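Engineer: The sequence and its predicted three-dimensional model are supplied below.
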Amino acid sequence: MFDVAYFYFINYYLKNYRYALSLFRFTVKRLFSTSHSSVDSKEMKKFQLLAHKWWDEEGEYSALHSMNDIRVPFIRDTLLNMSSNYHLGNPLSGVKILDVGCGGGLLSEPLGRLGASVTGIDPLEDNIRTADQHKSFDPVLAKRIQYKSSSLEEIVEESMETFDVIVASEVVEHVADLEMFIKCCSRVLKPEGSLFITTINKTQLSYILGIVVAEKIMGIVPEGTHEWEKFVPPEELERLLESNGFSVKTVNGMLYNPLSGSWSWMESMSVNYAMHAVKSGARGQSSPTDALAIPTKSVDLQGNRTF
């Protein structure tokens, strides 16, 4: 009799303990996702007003459109240099790319045209609607690209070590918690996967050109788009990456010419820069770029349509 009563007591206790533990975990998860997010609500409000203007090549995002002329080849060529395979037509075929802060899909689409399987995420639903609508005009892109209204933290659990490549172009200067952002990138990226970042340095020159000239004088981007305090020096970004299991391979300076509306590479990183880092992985593992191909002269360098 005592043994039976003791058994029921233990069974009752364990059931309630499991319930309490699951409730505690759920509560912690909710608190983490809401209180410790890399998404900055103030930044979201800025871009909310421009969600319908992503594909206006002469509008507020004209500089991002022209940035594709150098950032797409930078991503493509870096990946191809890490591969020894040959493939005609779609040089990034078989590569799974996560475009974080994809906006209206300005970078997702050219990467998709190069053959990659692209997942674009953005916390603003209006941006995702714009991106979805635009890709629907091209049946090929509709198959290769999927968009989600989500923050990076929200997809971590379902996407652990899922992607071969992450691109975060003109994003890190807008996040609320940069270190958490980098940690999440590491968690969803496969070992030996590549992370590409373009952003703005924190210098006196970047304040003059990036805010005073670009926003207040020439109106290249809407006033208030950037906050100089949130600009990220390359040394700080490199330190954060290396402390989270990345090895920085390349850092290139970038320069925007507002008169010609074009971008070019430069030695100085005093304003804009692009960085490529690789997540550490066990030796002997197959590289995520094994599926890549070497481009031929027939491949469009920008990944744009040729018609």
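Structural biologist: Now that the structure is in, tell me what you want to look at. Numbers count the residues shown, from 1 in each chain.

Engineer: Now the terminal residues of stretch 231-251, how far apart.
Structural biologist: 16 Å (CA to CA, to the nearest Å).

Engineer: Also stretch 100-116?
Structural biologist: End-to-end distance (CA to CA), stretch 100-116: 15 Å.

Engineer: tell me the mean pLDDT for that stretch?
Structural biologist: Across stretch 100-116, pLDDT averages out at 97.

Engineer: Equivalent analysis for stretch 260-270, please.
Structural biologist: pLDDT averaged over stretch 260-270 gives 96.

Engineer: Residues in contact with it: which ones?
Structural biologist: For stretch 260-270, the external contacting residues (CB atoms under 8 Å, 6 or more residues apart in numbering) are 62-63, 66-67, 69-71, 201, 203, 205-206, 234, 251-257. No exception for glycine: its C-beta is placed from N, CA and C like everyone else's.

Engineer: buried sites along that stretch?
Structural biologist: 263, 269 (16 or more other CB atoms under 10 Å).

Engineer: from the chain's centre, how far out does that stretch sit?
Structural biologist: On the basis of CA atoms, centre = their mean, to the nearest Å, stretch 260-270 sits 21 Å off its chain's mean C-alpha point.

Engineer: Mind checking which of the contacts of stretch 260-270 are in helices?
Structural biologist: The helices, defined by DSSP state H, take in 62-63, 66-67, 69-71, 205-206, 234 from the contacts of stretch 260-270.

Engineer: List only buried entries from these.
Structural biologist: Neighbour counting over the ones in helices among the contacts of stretch 260-270 (16+ other CB under 10 Å) leaves 63, 66-67, 70-71, 206, 234 as the buried ones.

Engineer: could these go into CSV alongside pLDDT?
Structural biologist: Formatted as CSV, those follow (pLDDT from 0 to 100):
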residue, pLDDT
63, 93
66, 97
67, 98
70, 98
71, 98
206, 90
234, 98
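
Engineer: Max pairwise distance over these: which two?
Structural biologist: 66 and 234 (22.3 Å; CB to CB).

Engineer: Go ahead and confirm residue 220 touches residue 64.
Structural biologist: No: judged on CB atoms under 8 Å, residue 220 makes no contact with residue 64 at a distance of 10.5 Å.

Engineer: Which one's more surrounded, these two?
Structural biologist: Between residue 220 and residue 64, counted using other CB atoms under 10 Å, the more crowded position is residue 64 (20 against 17).

Engineer: Who are the contact partners of that one?
Structural biologist: So residue 64 contacts 103, 106, 170 (CB under 8 Å, 6+ apart).

Engineer: Now do the SS call for the residue nearest to the last one when sequence neighbours are not counted.
Structural biologist: Taking CB to CB, 6 or more residues apart in numbering, and ignoring the residues beside it in sequence, residue 170 has residue 198 as its nearest neighbour in space, at 5.9 Å. Residue 198 carries the three-state label strand when classified by DSSP: H, G, I helix; E, B strand; the rest coil.

Engineer: Kindly confirm whether my reading is correct that residue 198 touches residue 273.
Structural biologist: Yes: counting by CB under 8 Å, residue 198 touches residue 273, with 7.2 Å between them.

Engineer: Now residue 184. Nearest residue, chain neighbours left out?
Structural biologist: Nearest to residue 184 is residue 152, by CB to CB, 6+ apart, at 4.6 Å.

Engineer: and residue 118, that one's in a helix?
Structural biologist: No: the assignment for residue 118 (three-state DSSP) gives strand, which keeps it out of a helix.

Engineer: what's the neighbour count on it?
Structural biologist: Neighbours around residue 118, by other CB under 10 Å: 29.
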